[in-house]
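Asks: heads up, no residue letters with this:
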């Protein structure tokens with residue numbers, strides 16, 4: 001990291017001048033990007049910020065107001081500090097106007113009682129800054145090799161975090177935007193202590209920059225995301241401020257995690273690959289027009305034109321235990337589904353959509369019943385594939401351009417049905433309600449961002465004060481905003497309950513009598529319950 005003003009004052013070249021801090025003593029941790037020697041008073045407009053200005057003061061104005069403006073101008077452009085050598089212009093001390101202005105604007109102000117060659121100071125500081133830059137470059141080159149190899153190998157988040165922990169010797173965690181830990185490597189430390197009260201601790205750390213160190217928590221935090229969409233944070237636990245290498249390490253790991261999420265793929269048979277590519281192309285609008293998709297499907301023996309089209313998704317209800325096992329099982333499921341379609345005389349595109357789902361696009365003659373076809377597929381598939389699964393179908397559509405909507409419906413239904421299967425042959429969209437929809441979207445960064453925006457201040461308040469206002473809000477909304485009923489359910493007197501509602505309004509900056517505001521809060525609470533239930 002760049003040196004601070006305190007680091008500069010500790011250099012031999014500066015100490016020989018008998019430095020004394022006369023203002024801004026609480027800002028000596030300000031970083032110094034460069035040292036600039038300047039005698040003229042109108043220097044501020046030439047600075048870019050982060051400069052430590054050295055001067056003898058010989059060209060500074062006499063008027064107190066202009067001296068104060070000189071200091072305020074330096075502070076306004078982000079100068080890191082001002083060092084004045086006494087003896088030429090100011091003999092024993094600086095004018096009060098200079099000191100007052102520095103204190104007022106939080107600018108570190110230092111005097112040198114002895115004559116000091118400024119060139120020695122600039123050489124010492126600049127050598128240190130250049131050394132820091134060289135360290136960052138060397139660290140970047142070394143880590144580039146390590147994480148390029150991880151990216152090429154398609155390393156999992158656990159493998160990436162394991163490498164970070166090995167290189168840093170510190171615990172590292174990956175969390176989503178709802179402050180839930182997705183992966184963790186404790187570097188040999190106690191896991192329970194690292195994860196204790198995680199959500200509350202994580203909420204308290206909210207740096208403004210994409211990569212920043214929170215000294216109070218001892219966390220180096222960097223955002224994880226790609227294509228402008230952040231979906232998580234990588235956190236390196238550092239008791240001491242991180243080194244330049246630590247910063248490069250965290251940022252390179254975050255980039256690898258984002259890239260891995262974009263490039264995840266699975267292996268399957270050539271036929272299933274071809275079918276899966278066509279389905280994916282339709283869902284992602286990869287084809288220039290529907291006719292191209294129809295031509296590709298026809299080339300593999302599946303006609304899509306002049307047909308009723310049904311998008312279906314098949315999900316296993318019991319995990320295989322490992323990522324590799326799940327991938328293999330889904331591959332087997334795709335092959336079994338394709339065989340079941342052939343046995344039922346149902347030409348279909350069948351391919352794995354990812355390592356959890358198999359997609360089926362059924363084209364049916366105009367007079368065929370969708371329920372009959374889906375029932376036949378489910379019956380034959382269950383007869384040949386003993387592992388439990390759910391089959392979910394979307395709405396029947398008449399054109400390829402509407403297939404994506406049908407698949408989205410099927411995916412939503414499958415995601416809910418796989419949690420609570422009730423034995424029916426297949427599932428349809430009418431089974432889905434609001435809680436199911438929120439469950440489906442629980443990993444979506446947009447829903448997590450919405451929930452944090454609605455409830456973040458309240459959750460932080462409760463976490464810091466061990467309060468129960470979140471429970472009070474839930475009771476109030478679950479009671480249909482009936483304050484009397486809510487107070488009774490909360491086991492509070494009406495005045496005490498009303499006081500808590502007023503506190504809620506202040507914390508959330510909202511009106512709890514407004515229907516739309518309460519609706520947003522209620523949806524956010526339901527989403528929060530989904531996050532926490534899945535985390536548990």
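Replies: Structure received. What you see is a predicted model; the values in this text were computed from it and never measured.

Asks: So which residues of the stretch 301-450 of the chain form helices?
Replies: Using DSSP state H, counting those that start in this stretch, the helices of the stretch 301-450 of the chain run over residues 323-343, 370-384, 403-417, 434-440, 445-465.

Asks: which other helices and strands contact the shortest one?
Replies: Translated: helix 434-440. Where contact means 3 or more C-beta pairs under 8 Å, 6 or more residues apart in numbering; DSSP states H and E, helix 434-440 is packed against helix 403-417, helix 515-535. Yep, even glycine has a C-beta here, placed from its N, CA and C like the rest.

Asks: average model confidence for the last one?
Replies: Per-residue pLDDT values across helix 515-535 average out to 85.

Asks: Contacts for it, please.
Replies: The list of residues contacting helix 515-535 from outside it, by C-beta atoms under 8 Å, 6 or more residues apart in numbering, reads 178, 180, 434-435, 438-439, 441-442, 447-448, 450-451, 454-455, 459, 470, 473-474, 477, 481, 508, 510-512.

Asks: Show me which residues of the helix or strand hosting residue 127 are buried.
Replies: Element membership for residue 127, per DSSP states H and E: helix 118-153. Across helix 118-153, burial judged by 16 or more other C-beta atoms under 10 Å covers 118, 121-122, 124-125, 128-129, 136, 139-140, 143, 146-147, 150-151.

Asks: Also stretch 174-191?
Replies: So, applying 16+ other C-beta under 10 Å, buried residues of stretch 174-191: 174-187.

Asks: For the residues you listed, could you give me TSV that also reports distance to residue 88, pLDDT and secondary structure?
Replies: Below are the buried residues of stretch 174-191 laid out as TSV (distance: C-beta to C-beta, whole Å; pLDDT from 0 to 100; DSSP: H, G, I helix; E, B strand; the rest coil):
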residue	distance to residue 88	pLDDT	secondary structure
174	57	89	strand
175	56	87	strand
176	60	86	strand
177	57	87	coil
178	61	82	coil
179	57	85	coil
180	62	79	coil
181	60	79	strand
182	61	79	strand
183	61	81	strand
184	60	83	strand
185	58	88	strand
186	58	87	coil
187	55	91	coil
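
Asks: Which single one of those is nearest to residue 423?
Replies: Distance to residue 423 across these (C-beta to C-beta) is lowest for residue 180, with 31.4 Å.

Asks: quick revisit: filter the contacts of helix 515-535 down to the buried ones and hand me the ChimeraX line.
Replies: The buried residues among the contacts of helix 515-535 can be selected in ChimeraX (16+ other C-beta under 10 Å) with this line:
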select :178,180,438,439,441,442,447,448,450,451,454,455,459,470,473,474,477,481,508,510,512
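
Asks: for stretch 399-409, which positions count as buried?
Replies: 400, 402-404, 406-409.

Asks: what's the nearest residue to the residue nearest in space to the middle of the chain if we skip its chain neighbours?
Replies: In the chain, the C-alpha nearest the mean C-alpha coordinate belongs to residue 232, at 2.5 Å (C-alpha atoms, centre = their mean). Spatial nearest neighbour of residue 232, excluding adjacent residues (C-beta to C-beta, 6 or more residues apart in numbering): residue 224 at 4.2 Å.

Asks: what's around the one you found, how many residues?
Replies: Using other C-beta atoms under 10 Å, residue 224 has 25 other residues around it.

Asks: OK, contacts around it?
Replies: Applying C-beta under 8 Å, 6+ apart, the residues contacting residue 224 are 174, 230-234, 254, 257-258.

Asks: Please identify the helix or strand for it.
Replies: strand 219-226.

Asks: Have a look at this structure and report the helix or strand with the lowest mean pLDDT.
Replies: One helix or strand of the chain scores below all others by mean pLDDT, DSSP states H and E: helix 434-440, with a mean of 73.

Asks: Let me know the pLDDT of residue 460.
Replies: Confidence score, pLDDT, at residue 460: 93.

Asks: what is the rounded mean pLDDT of stretch 239-247?
Replies: The average pLDDT for stretch 239-247 rounds to 86.

Asks: Would you mind measuring the gap between the ends of that stretch?
Replies: Length of stretch 239-247, first residue to last, C-alpha to C-alpha, to the nearest Å: 14 Å.

Asks: Give me the buried stretch members for that stretch, please.
Replies: Neighbour-count burial for stretch 239-247 [16+ other C-beta under 10 Å]: 242-247.

Asks: What about the contacts of residue 224, which are in strands?
Replies: Residues of the contacts of residue 224 located in strands (DSSP state E): 174, 230-234.

Asks: Tell me the one among these nearest to residue 417.
Replies: residue 231 (25.3 Å).

Asks: Quick check, pLDDT for the closest residue to that closest one other than its chain neighbours.
Replies: Excluding its sequence neighbours, the residue lying closest to residue 231 (C-beta to C-beta, 6+ apart) is residue 445, at 4.5 Å. For residue 445, the pLDDT comes out at 92.

Asks: Tell me who's in contact with residue 445.
Replies: Per C-beta under 8 Å, 6+ apart, neighbours of residue 445: 176-177, 225, 229-231.

Asks: Let me have the residues you listed in TSV, extended by distance to residue 272.
Replies: What follows is the contacts of residue 445, written out as TSV (distance: C-beta to C-beta, whole Å):
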residue	distance to residue 272
176	31
177	34
225	31
229	29
230	33
231	28
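
Asks: Output the buried residues of stretch 239-247 in CSV; the columns should cover secondary structure and distance to residue 385.
Replies: Shown next, in CSV, are these (DSSP: H, G, I helix; E, B strand; the rest coil; distance: C-beta to C-beta, whole Å):
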residue, secondary structure, distance to residue 385
242, coil, 51
243, coil, 54
244, helix, 54
245, helix, 51
246, helix, 49
247, helix, 50
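
Asks: Redo those residues as TSV? Include distance to residue 521.
Replies: Output for the buried residues of stretch 239-247, formatted as TSV (distance: C-beta to C-beta, whole Å):
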residue	distance to residue 521
242	38
243	43
244	43
245	44
246	39
247	38
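
Asks: Closest one of those residues to residue 37?
Replies: Closest approach to residue 37 among the buried residues of stretch 239-247 (C-beta to C-beta): residue 244, at 26.7 Å.

Asks: Need the pLDDT of the nearest residue to that closest one once chain neighbours are set aside.
Replies: Closest residue to residue 244 apart from its sequence neighbours, by C-beta to C-beta, 6+ apart: residue 136 at 4.3 Å. Model confidence at residue 136, given as pLDDT, is 70.
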